[in-house]
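Engineer: could you work out the structure for the sequence below:
(one chain, ligands or ions: 1)
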Amino acid sequence: MSPLANHPFWKMNGAGNEIVVVDLRASAHVVTAAEARAIAADERSRFDQMMVLHKPRTPGTRCFIRIYNTDGSFAGACGNGTRCVAWVLSEEDGTESFLVETVAGILACRRVGPAAFSVDMGEPKFGWQDIPLAEEFRDTRAIELQIGPIDAPILHSPSVVSMGNPHAIFWVDDPYAYDLPKIGPMLENHPIFPERANISLAGVKSRDHIVLWVWERGVGITRACGSAACAALVAAARTKRTGRAATVSLPGGDLHIEWRDDNHVVMTGPTEVEHEGRFDPALFATAA
Ligand SMILES: N[C@@H](CCC[C@H](N)C(=O)O)C(=O)O
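Structural biologist: The predicted model follows:
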């Protein structure tokens with residue numbers, strides 16, 4: 001039987017981003033990529049990201065979180081998923097402010113409504129080696145990358161940012177005017193991104209409003225991406241397109257992003273529980 005069977009499980013979403021939370025704090029098991037893919041492949045547990053809770057690694061934190069994409073790959077950050085974890089932890093003991101940890105660092109979570117949370121997503125990184133990129137670019141506000149005919153590119157000159165995971169943001173008038181399902185995977189897997197990248201089309205509507213459509217690394221098109229919303233706001237502010245706070249409108253809903261003067265990026269948004277229970281052992285009859 002799978003080591004995940006009978007452990008607590010929540011099927012949730014964060015602004016439409018499909019999230020599964022699994023509580024393995026009572027287990028030493030580390031979910032394999034094959035197990036993650038099997039879970040994502042079953043309608044009862046399909047996800048864009050799976051957030052697996054492990055025992056805390058750092059005193060003062062509630063848990064260490066491993067983040068898996070649909071394809072079984074690891075991710076360093078997941079804003080929408082972290083808000084869903086925050087809901088689980090707040091419901092567990094009634095607290096409304098606490099710390100969690102991912103490979104990207106320690107994140108402060110705060111309940112701001114019955115189903116709304118703010119997460120300090122940490123500090124953005126802009127160095128070409130931090131994104132990472134395969135070659136040096138001194139100004140990551142706009143790098144030399146384009147797609148389409150050389151003399152009439154479809155998209156070009158993206159900003160790149162790391163929020164603990166790699167993001168490329170292309171600036172366009174109408175994000176939905178592009179065939180992102182077709183161009184997304186070409187850009188995700190472009191050799192300039194040695195760890196692949198999340199690809200966003202961003203339409204700046206005002207100094208405090210961005211419309212965003214995202215092709216996520218290891219997933220595809222999603223209805224929302226919290227770390228992409230953070231990356232887009234930071235990149236927009238760096239390039240003087242917006243101020244340091246904005247509403248980011250994604251297909252699944254709005255997120256509020258603030259890039260504070262202490263360089264931390266705070267994301268605020270909704271969570272929703274779709275169903276919860278314990279992992280069904282039969283689900284893993286097929287898992288390798
Ligand atoms: N949807 C997430 C992003 C998850 C990770 C991303 N696909 C990656 O591989 O970096 C979010 O809300 O941030």
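Engineer: touching, His99 and Thr61? I think so.
Structural biologist: Actually, residue 99 is Leu. It isn't His. Yes: using Cβ atoms under 8 Å, Leu99 is in contact with Thr61, at 4.5 Å. In short, each C-beta sits where N, CA and C put it, glycine included.
Engineer: and for the two, which residues touch both?
Structural biologist: Ile106 (Cβ atoms under 8 Å, 6 or more residues apart in numbering).
Engineer: quick check: domain ranges of the protein?
Structural biologist: As given by the TED database, the domain ranges for the chain are 7-121+271-284, 128-259.
Engineer: gap between the longest one and the chain center?
Structural biologist: Think domain 128-259. 13 Å (Cα atoms, centre = their mean, to the nearest Å).
Engineer: across the sheet, point out what pairs with Val100.
Structural biologist: Counting by DSSP bridges, Val100 is bridged to Leu107.
Engineer: no no, Val211
Structural biologist: Gly203, Ser249.
Engineer: how many neighbouring residues does it have?
Structural biologist: When neighbours are counted by other Cβ atoms under 10 Å, Val211 registers 20.
Engineer: swap in Phe64?
Structural biologist: Phe64 has 18 nearby residues by other Cβ under 10 Å.
Engineer: is whatever helix or strand it lives in in proximity to the ligand?
Structural biologist: Here Phe64 sits within strand 61-69, counting by DSSP states H and E. Yes: with Cβ under 6 Å from any ligand atom as the criterion, the ligand is reached by strand 61-69 at Asn69.
Engineer: show me what the helix or strand just after that strand is packed against.
Structural biologist: Moving toward the C-terminus from strand 61-69, the next helix or strand (DSSP H and E) is strand 74-75. On a contact count with 3 or more Cβ pairs under 8 Å, 6 or more residues apart in numbering; DSSP states H and E, strand 74-75 meets strand 61-69.
Engineer: quick one: mean pLDDT over the strand it packs on.
Structural biologist: In this model, strand 61-69 has an average pLDDT of 98.
Engineer: sketch out the low-pLDDT regions of the protein for me.
Structural biologist: 1-2, 281-288 (pLDDT under 70).
Engineer: from the ligand, how far out is the residue lying farthest from the centre of it?
Structural biologist: In the chain, the greatest distance from the average C-alpha position (Cα atoms, centre = their mean) is reached by Asp151, at 33.6 Å. Distance of Asp151 to the ligand, given as Cβ to the nearest ligand atom, to the nearest Å: 33 Å.
Engineer: and for Leu250?
Structural biologist: Distance of Leu250 to the ligand, computed by Cβ to the nearest ligand atom: 10 Å.
Engineer: and the protein, which residues reach the ligand?
Structural biologist: Checking the chain against the ligand by Cβ under 6 Å from any ligand atom, the hits are 17, 48-49, 69, 75, 77-81, 165, 198, 216-219, 222, 225-227.
Engineer: let's see it at 5 Å
Structural biologist: Within the chain, the positions near the ligand by Cβ under 5 Å from any ligand atom are 17, 49, 69, 75, 78-80, 165, 216-218, 225-227.
Engineer: now Phe170: which helix or strand?
Structural biologist: Going by DSSP H and E, Phe170 is in strand 166-171.
Engineer: sheet-wise, list the partners of that strand with their directions.
Structural biologist: Short version: by DSSP bridges, strand 166-171 pairs with strand 159-162 (antiparallel), strand 198-206 (parallel).
Engineer: show me where the stretch 151-288 of the chain has its strands.
Structural biologist: 155-156, 159-162, 166-171, 198-206, 209-216, 220-222, 245-250, 253-259, 265-270, 272-278 (DSSP state E, counting those that start in this stretch).
Engineer: out of those strands, flag the one nearest Val22.
Structural biologist: strand 272-278 (9.9 Å; Cβ to Cβ).
Engineer: identify the residue spatially nearest to Ser73, adjacent ones excluded.
Structural biologist: Gly218 (4.2 Å; Cβ to Cβ, 6 or more residues apart in numbering).
Engineer: hmm, I was thinking of Met163
Structural biologist: Closest to Met163 by Cβ to Cβ, 6+ apart is Ser227, at 4.3 Å.
Engineer: was I right about the one you found contacting Ser200?
Structural biologist: No: using Cβ under 8 Å, Ser227 is not in contact with Ser200, being 10.0 Å away.
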